[in-house]
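In: Show me the folded form of this:
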Amino acid sequence: MPGIEALTPEDVRSVPRIAGAVSYWSGHRRGDEWLREVLEEWGQAGFTARKDGELLGFALYGPRSRLVRVEEYPIGPLEEGRVFLAYAEGDARIRRHLLVRVLGDLKGRGVGGVDAIASDLGAGWHLPTRFLLECGWRPVRQGWKGGQLYTLVRTDLASSVEVRELARGLLGRVKMPSLKPRGGLIPGTLTRSRPASEHLEKAGTGCGYIA
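Out: Below is the predicted model of the structure:
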């Protein structure tokens, strides 16, 4: 099992991939300075996964006001007070470990819910839409940006997630929703998805949150 540690400014300075993710979502801020400010004003904003000193992956999250790139995506309107999961890197197992630590941290801080802008093609500094839906997140809306389709996905911590330890793997799966843009959509416009209950298979248990 990898060791999960809090993301530090030194991590951002020393790992180009982490610096790249921070720079993208912060609007090209210098990564270590951005993280230092967020730590002082808001609190923990990321984790790293390591084993025997090797970095296996990392996760980045924070308040919407500090992840200014979020505002460029046509997936609004966005709800106030929700935290954004910006990105997580690593193989599927590492990402699940990191995801549970992120949600556990936020639940412990009284955060009611988390949003993410997922890429249907797994492009750039985005988590793949399929991965998050398989982990129990629900789709909210879709929008086009730069000729690619992105999905706003959401999970509500207060009502459905109890996190006591790391994920041990997928315990079940949900179907990949059929989220097709409505006819006539052009880049930069919105399409609202049907309610999540119409898309997701109720029997799925989602990503392995172990209470």
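
In: for this protein, what spans make up the helices?
Out: 9-14, 16-26, 31-41, 92-108, 129-134, 157-160, 196-199 (DSSP state H).

In: closest to K51 out of those?
Out: helix 92-108 (9.3 Å; C-beta to C-beta). Heads up, the C-betas are built off the backbone N, CA and C, glycines and all.

In: Flag every buried residue along that closest one.
Out: Residues of helix 92-108 classed as buried by neighbour count (16 or more other C-beta atoms under 10 Å): 93-107.

In: Point to the residue nearest the middle of this structure.
Out: Nearest residue to the geometric centre of the chain (C-alpha atoms, centre = their mean): L85, 3.2 Å.

In: Can you give me the neighbour number for the residue nearest to that residue when sequence neighbours are not counted?
Out: Distances taken as C-beta to C-beta, 6 or more residues apart in numbering place A116 nearest to L85, at 4.2 Å, with adjacent residues excluded. By other C-beta atoms under 10 Å, 24 other residues sit near A116.

In: likewise the one 5 residues further on?
Out: The local packing count at L121 equals 11, with neighbours defined by other C-beta under 10 Å.

In: Then Y150?
Out: 24.

In: ok, now which ones touch it?
Out: Y73, I75, I117, A118, S119, D120, H126, Q142, G143, W144 (C-beta atoms under 8 Å, 6 or more residues apart in numbering).

In: ditto for R30
Out: Counted by C-beta under 8 Å, 6+ apart, R30 has contacts S23.

In: Report pLDDT for R164.
Out: For R164, the model assigns a pLDDT of 40.

In: what's the answer for S23, then?
Out: S23 is given a pLDDT of 96.

In: Let me see the contact set for it.
Out: Contacts of S23 (C-beta under 8 Å, 6+ apart): R29, R30, G31.

In: cool, R17 as well?
Out: So R17 contacts F58, E89 (C-beta under 8 Å, 6+ apart).

In: and it, how far is that from L103?
Out: As judged by C-beta to C-beta, to the nearest Å, R17 and L103 stand 22 Å apart.

In: cool, A19 as well?
Out: For A19 relative to L103 (C-beta to C-beta), the value is 24 Å.

In: now swap in A49 and tell me
Out: 15 Å.

In: Which residues does D115 form beta bridges with?
Out: Beta-bridge pairing for D115 (DSSP bridges): F84, R154.

In: Double-check it against L85; I have them as touching.
Out: Yes. If you go by C-beta atoms under 8 Å, D115 and L85 touch, sitting 7.2 Å apart.

In: Run through the bridge partners of A6.
Out: In this entry, A6 is beta-bridged to F47, by DSSP bridges.

In: which residues does it contact?
Out: Counted by C-beta under 8 Å, 6+ apart, A6 has contacts Q44, G46, F47, T48.
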